[in-house]
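**Student:** I need the structure of the sequence given here:
(chains A and B)
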Amino acid sequence: MSEKMERFRRLERLLGPARPEPSSDTPRHVRGLPQGEWLDEGVFLVEKRFPLSQRHGADLLEDILGAGEILQEWGATENPVFLDLETTGLAGGTGTYAFLVGAGRVIDDSFVVRQIFLSTPEAESYWLDHLFQWTGPATGFVTYNGKRFDLPILQSRSILNRRTPPAADEGHLDLLHLSRSMWKGRLPDCRLATIEAGVLGVKRDHTDVPGWLVPQYYADFLRTGDAGPLSGVFVHNMTDILSLASLEARVAALLRGNTAKAEDLLRAGDLWASRGQLHRAERLWHLAGGISSKNATQACLRLAFAAKRHRRWEQAAVFFERSLEDRSSRITALVELAKIFEHRFRLHEQALEYAEKALESHRELRPYVEARNWSDKRIELLHRIARLRKKVPPASSEGPNTGNASNEKADKVL
Amino acid sequence: MREAFTRRGIEKLYSHQARAVDAALSGKNVVTVTPTASGKTLCYNIPVLDAILKDEAARALYIFPTKALSQDQLAGLYSLIQEAGAPVKTFTYDGDTPPSARTKLRAAGHIVITNPDMLNTGILPHHTKWIKLFENLRYVVIDELHTYRGVFGSHVANLIRRLKRICAFYGSNPQFICSSATISNPKDHAERLLEEPVEIIAENGAPSGEKRIVLYNPPVVNSQLGIRKSSLKETARIAGDAVSNGISTIVFTRSRINVELLLTYIRRTLRQSGLPPESVAGYRGGYLPNERREIERRLRDGSLSCVVSTNALELGIDIGSLELAVLHGYPGSVASTWQQMGRAGRRSGISAAILVASSFALDQFLASRPEYFFGASPEQARINADNLYILVNHIKCGAFELPFNKGECFGSEDPEEILEYLETQGVLHQAGDRYHWQADSFPAESLSLRSATSENYVIIDITETARPVVIGEVDRPSAPMLIHPEAIYFHGGEAYQVMELDSEGMRCYVKKVDVDYYTDADMAVRFQVLDTFESGNMWGWGEVLLASRPTVYKKIRLHTHENIGYGHIHLPEDQMHTTACWFALPTGIVWEGWSEDRRSSALTGLAHLMKGTAPLFLMCDRHDLRIHSMVRDPFLGGPAVYLADNYPGGVGLAEAAYGLRKKVLFSALEALEGCPCEDGCPACVGAMGSRMNSKRDTRFLLDTLLEKGKTSSSEGKEFRTEQ
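**Tutor:** Below is the predicted model of the structure:
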C-alpha cells in the first residue's frame, strides 16, 4: 500500500494531480440516448427512414437513383452504403476508434439511415458485427475522405478485433476527390460543410456539433453515462449522411451536363477527360462553349487538344483558331497551330505566320514573367521561326525578312 | 547463398561468426561482442536470409541507432542479396521514405530496416498496416546495442516491450540477434534491454594488424602553475604532421566547437606545407545529411585524407580504414575510447592511435596512471527501463497501440497503478477488464527518445540577404551556449556571426564574418531543491529545479587562446526538473577561518574533481551529469556540491551517486592524490582552484566528508524520509 501510494505520488509529481473523478469500474446506466433500440450489450441503434421524395437542401433524395452508374469510373456502385464515422480523435493510428457510424442506403422507395452507437469500447466487436451485417459483404461505400480516414479506421478496428478488414478501394466512391476537382478555387475550402452551404443549399441547425468537439463529448459520456450532450453528434452525423447522398446526386448531375454554369461544364468535362472518356468531355465542353465567350475560348482550347489527340487535324486547327482570343493560352494555341500547319498541312508560310505571332505575343508578356522562363520560351520560339524560314521559299521573302534573317544569325550566336 | 559468399571471397566463417549463426539457428537470442570490422553483419544476415529463403513469408526487422547506419546497411545487404540472386526484398523505413512508396513496402518487404525513433512513431502505433510483418516476424536485429544505454537505452527497452506486445497479439515470437561494441556487462545489459536470456559470443576470430597506442600528455610549460601545452594545439600539430606525411588520419574531439577549431588549425598547417586545405574536413552533428554522406564517400574513396569528428563517427558507419586515430581528450568512457581508436587500422597493416590528454581531471588522472586505462574493464552500460518518467510515456504509447488487459505485464513491470492513474487523467478509459486509449492525441509523437527535445534550430546564412542558405542545425539545449546573438558560430571551418535567434520559429540567422576569435559563453545556473527522497547527515538526493541562463560571452583569439573581450547575452532562463544528489560540506573552525575566495575555490575544486571521476562509476557520459557548487546553499544552509542528472525528470544517476557516494568521494580523492602537481592544477582542481592553490583545501573538504560520513553511517544515523 505505502509503496503503491508513493509511486502514485511520484506520478502526480511528474504529471500533475489525479482528478478526483469517481472510479469508473462500476457499471453505469446509460441515459439520454435518442430514440432507438439496444442491439446488443453496448451497441445501440437509431434508425430513420426518409421517403425518396423528400428534399435535403435544394435537391430531392430520389436524385441519387442512377447516380452510381454515371460515377462508375470513380468507383461508385449501383446501391452503395453512404458511410460516415464519428471517432475518438483525428490522430489516426491504432489508438483511435469510432463510436458512432452512420450508414445510409436506398431500400425500395426510402432512404434508410442506421446510426450504430458504441456505448463502451468493450463491445466493439459486436458493433462491427452489426455494421457489417447492415452493409453486407459486397456493397460499395460512398464517403467523404473515406479513403484516408474512415475506411482505414474500420480496417484497423477489424484487425484489432480479429476480423477480415473491409476493402478500402474497391467499389468505394470518395467524394472528396471529385469535390476538389469541381469546386477547388471556387469555394473557400472543400470541407463538406462548405460544400453544403455553397452548393447543396443545406443548412445545419443549432443542435449540430462542430466536429472538433466530438471526441471530448464522447469521453465525457464514457465518464458520466449521460448521452444527452451527444444528441448533437447524432444530428451532425445524420446530416453528413444525407449530404453525402445529395452530393453524389449533384456530382452525377454535373457529369451529365445538367447545369447552367459554364465553369461546371468545363470542370465536368475535364473530369471525363481525366478518365479517358473524351467524347463525353467534348460534349460538355461544347455545351460550355455555348454559354459565354470567355468560357468558350477555354472550351475550344480543351476541344482542340482533344481533337489533336484523335489526330483530327482540321478540327483541331479550327478549335485552336477559336481559342486565340483568350490571352492566357494564346501563345500555346499559336504554337500548336504553327505545328499543325508545318507538320500536318505542310503550309509553311502560314505556320511561320503563327509562329511569328506567338513571338510577338510572347514579347508582350515580358513584364509579367520571370526573366529566365521568359528567355527560355523565347529561344524556343526563335528556333521554330528560324527552322520555318528555311522552309519558306526565298521568293516570298522581302525587305523586312532579310533583316529578320540577320537577327536569326545573331540569335544563333547567342 | 554459399555461392554468393564464395564470390565475395568468403570461404569459411570466422569462429565467432560460426558460433553466432549456430546459436541463432538453434533458436537462441544472440549478442556478438566484437570490434568493428570483424564481420558482425554476417552473424545476423546469414540466419535472416536463411529463414526467408526457406519460407517466403518470413520477415525480419533491423534496428540501427541512426539513419546513416541504416543507409549503410541497406547498401551492404542489397549487394549481398543481388549476388545471391535471392528474391528477398529489403528497404529502409524512416523519415526519408516517400509516403507513396510506404504502402507497398509495408506489405512486400522481407527485411525492414529502421531506427528506434521511427519504430516509436511510424511503425508500432500503425501496426495494423504492418500485419504481414508482425504476423511473420522471425528475427529482430539490433545493431550497436551498447549505444542503447542511459536514457536512450531505457527508452529502447520500453520500445522492445511495446514491440513484443504487438508481436504477441499477432502470434509471433521473434528471436533477437544483436551486436555490441565491447562493454563490461554485455550479457547483463542485453538481458535488461530485451528481458530475455541471451547467448553472448565474445571472442573475435577475425585477424587484425599491429596497432600502437600512445597516451600523450602535453609537456608542462609552467611547472609552478602546472600549466601544460594546449591539448587542442598539440592535437592539431600531430594531425597536421601526419597528414603532411601522407598518413590518413581521423581526429576525434569532444565538442562541436573543438571540431571547428581543430579544422581551422589543421588547415592552416596544411596551407603552410603547401598542401590543399580541402583534404581535411569536419564531421559532426549539425552538418546537413548530404554534406555528411559526401564526407563519408570521400573518406571511403580516399580523396579525403583527414577528418575531424565528434563521436558522430564512432559508430559503424563505413568509412574504410585509416592509419592514425588522434583522440583529443579522453572520450568519457573506456568503450568509446576503444571504438574511436578502432577507427585506425580496421583491417590489416600497422596503425596507431594517440590519446592526447586534455587538462580535464579525468584525462590527467589517466595520463598519470595509464595502467588505470589499460587495466580497466570497459564501462557498464546502464539502463533503467522502469524509470517512471520513461515508463509512463511508453505505457501511454502501449495503450494507444493495444488496450491493456487488467493484470497484463509490461516487460517486468506491473503497470496497474500507472494505468489507474492515467484513467483518472482521462487519458485512458477502463471498460470491463481493459484500459482503452481515450485521448484525442498521438502519444508517440510527443515522446522524444533522444533527449528532452528533438527540436533543432536551423542555421540560415543571410550574408546575401536575397539568397538565404540553410547551412546546418543546432539542437535546442545547446543553442543558448552556441548560437546566442553575437556568438561566432563556426561551420566547416568558416566563421559566422549570429545576427538573430528566433526561438519561436527555431531559426538562427547568421552572416559570414572574417574574425580571428571565437566566443565562449558562461552559464549562470540556479539550483533549487523541490523534494527530498532520502537523506543523511552529509548527503541526500531528491528532485531539483535546474535553471540556466547564459550571461556573458568571452571573445577568445584563435591560436593564442587569449581573452580579448566580452559581451552580454540576453536570453530567457531554461528550466528543467530533474534529480540530484548533494553533499553538504562540513563547516567548522577551519572553514570559518577561510576567506570567501578560498572557500569558493576549494568547493569548485571538489566539483571539478567529481565531474571528472564520477562518470567512471556512474557509467555515464560526462554530459549526462551537471555538477554545481554553492558556498552558501539556501536549502542546506551551508556549502554544498550537487550532482544532477542532465535530463528532465532524471535518469537515476543522482540516485546511483547517492548509493555509491563513498566511491564517488574516494575516486575524487584518488584523482587528487594521483595528480603530480604541488598546490593544485587545472587537471585536478580546475582552472579556478589552481589559481588559489586550493589542492590542500579541497583535500581537507574531502577528508572531512569521508571521515564524518564514516562515523555517521557506522552509528546508523541515516534515515529514510517519506514525504
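**Student:** show me what B:Phe252 bridges to in the sheet.
**Tutor:** In this structure, B:Phe252 bridges to B:Ser309, B:Leu327 when assessed by DSSP bridges.
**Student:** scratch that, A:Arg114
**Tutor:** On the basis of DSSP bridges, A:Arg114 is bridged to A:Glu47, A:Ala103.
**Student:** run a quick neighbour tally on it.
**Tutor:** Neighbours of A:Arg114 under the rule other CB atoms under 10 Å in any protein chain shown: 22. Just so you know, the C-beta spots here come from the backbone N, C-alpha and C atoms, and that holds for glycine as well.
**Student:** could you do B:Asn204 as well?
**Tutor:** B:Asn204 has 18 neighbours, counted by other CB under 10 Å.
**Student:** from chain B, which residue is nearest to chain A?
**Tutor:** B:Phe400 (3.2 Å; CB to the nearest CB).
**Student:** mind telling me what element that residue is part of?
**Tutor:** helix B:388-401 (DSSP states H and E).
**Student:** now swap in A:Val214 and tell me
**Tutor:** Using DSSP H and E, A:Val214 maps to helix A:214-224.
**Student:** tell me which parts of chain B are close to chain A?
**Tutor:** For chain B, the contact set with chain A under CB under 8 Å from any CB of the partner chain comprises B:125-129, B:131, B:388-389, B:392, B:399-403, B:417-418, B:421, B:423-426, B:429-432, B:434, B:436-443, B:531, B:543, B:649, B:722.
**Student:** go with 6 Å
**Tutor:** Contact residues (CB under 6 Å from any CB of the partner chain) of chain B with chain A: B:125-126, B:128, B:388-389, B:400-401, B:417, B:421, B:424, B:429-432, B:436-438, B:440, B:442.
**Student:** for B:Trp161, give its distance to B:Glu191.
**Tutor:** Trp isn't right for residue B:161; it's Arg. 14 Å (CB to CB, to the nearest Å).
**Student:** name the residue in these two with the higher neighbour count.
**Tutor:** B:Arg161 (22 against 16).
**Student:** what sits closest to that one if chain neighbours are left out?
**Tutor:** Leaving aside its sequence neighbours, B:Arg161 sits nearest to B:Gly411 (CB to CB, 6 or more residues apart in numbering or on different chains; 4.0 Å).
**Student:** so what's B:Tyr509 bridging to?
**Tutor:** Counting by DSSP bridges, B:Tyr509 forms beta bridges with B:Ile460, B:Glu500.
**Student:** does it really touch B:Leu501, like I thought?
**Tutor:** No: at 7.9 Å, B:Tyr509 does not count as touching B:Leu501 under the criterion of CB atoms under 6 Å.
**Student:** pull the residues that contact stretch A:170-178.
**Tutor:** Applying CB atoms under 6 Å, 6 or more residues apart in numbering or on different chains, the external contacts of stretch A:170-178 come out as A:71, A:74-77, A:140-147, A:247, A:251.
**Student:** ignore what I typed, I meant stretch B:74-93.
**Tutor:** Residues from elsewhere that reach stretch B:74-93 (CB under 6 Å, 6+ apart): B:1, B:4, B:7, B:52-53, B:70, B:105, B:108-114.
**Student:** now the buried members of those residues.
**Tutor:** B:1, B:4, B:52, B:70, B:105, B:109-114 (16 or more other CB atoms under 10 Å in any protein chain shown).
**Student:** hang on, B:Phe176 in a helix?
**Tutor:** No: per DSSP: H, G, I helix; E, B strand; the rest coil, B:Phe176 lies outside any helix segment and is strand.
**Student:** residues near it, how many?
**Tutor:** As a burial measure, B:Phe176 scores 23 neighbours (other CB under 10 Å).
**Student:** before we move on, back to that, and the furthest pair within the contacts of stretch A:170-178?
**Tutor:** Across these, no pair lies farther apart than A:Thr77 and A:Asn145, at 18.6 Å, counting by CB to CB.
**Student:** what's the burial count for the closest residue in space to B:Glu494 that isn't next to it in sequence?
**Tutor:** Spatial nearest neighbour of B:Glu494, excluding adjacent residues (CB to CB, 6+ apart): B:Lys512 at 6.5 Å. Other residues near B:Lys512 number 14, with proximity taken as other CB under 10 Å.
**Student:** for B:Gly637, same thing?
**Tutor:** Applying other CB under 10 Å, we find 10 other residues in the vicinity of B:Gly637.
**Student:** pLDDT score for it?
**Tutor:** We have a pLDDT of 85 for B:Gly637.
**Student:** any buried residues in whatever helix or strand A:Ile331 lives in, and which?
**Tutor:** Assessed by DSSP H and E, A:Ile331 sits inside helix A:330-339. Buried residues in helix A:330-339, counted by 16+ other CB under 10 Å: A:330-339.
**Student:** any chance of JSON lines for these, columns pLDDT and distance to chain B?
**Tutor:** Output for these, formatted as JSON lines (pLDDT from 0 to 100; distance: CB to the nearest CB, whole Å):
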{"residue": "A:Arg330", "pLDDT": "85", "distance to chain B": "33"}
{"residue": "A:Ile331", "pLDDT": "86", "distance to chain B": "30"}
{"residue": "A:Thr332", "pLDDT": "87", "distance to chain B": "30"}
{"residue": "A:Ala333", "pLDDT": "88", "distance to chain B": "34"}
{"residue": "A:Leu334", "pLDDT": "89", "distance to chain B": "35"}
{"residue": "A:Val335", "pLDDT": "89", "distance to chain B": "33"}
{"residue": "A:Glu336", "pLDDT": "90", "distance to chain B": "33"}
{"residue": "A:Leu337", "pLDDT": "89", "distance to chain B": "38"}
{"residue": "A:Ala338", "pLDDT": "89", "distance to chain B": "38"}
{"residue": "A:Lys339", "pLDDT": "90", "distance to chain B": "34"}
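**Student:** which single residue of the stretch 51-200 of chain A ends up nearest chain B?
**Tutor:** For the stretch 51-200 of chain A and chain B, the shortest gap (CB to the nearest CB) falls at A:Gly95, measuring 3.2 Å.
**Student:** contacts for the longest helix along chain B?
**Tutor:** In chain B, assigned by DSSP state H, the helix with the most residues is helix B:596-618. Residues from elsewhere that reach helix B:596-618, judged by CB under 6 Å, 6+ apart: B:360-362, B:622, B:627, B:629, B:631, B:639, B:641, B:653, B:656, B:660, B:663-664, B:667-668, B:671-672, B:685-686, B:688-689, B:692, B:694, B:697-698, B:701.
**Student:** in strands only, show me these.
**Tutor:** B:627, B:629, B:631, B:639, B:641 (DSSP state E).
**Student:** lovely, talk soon.
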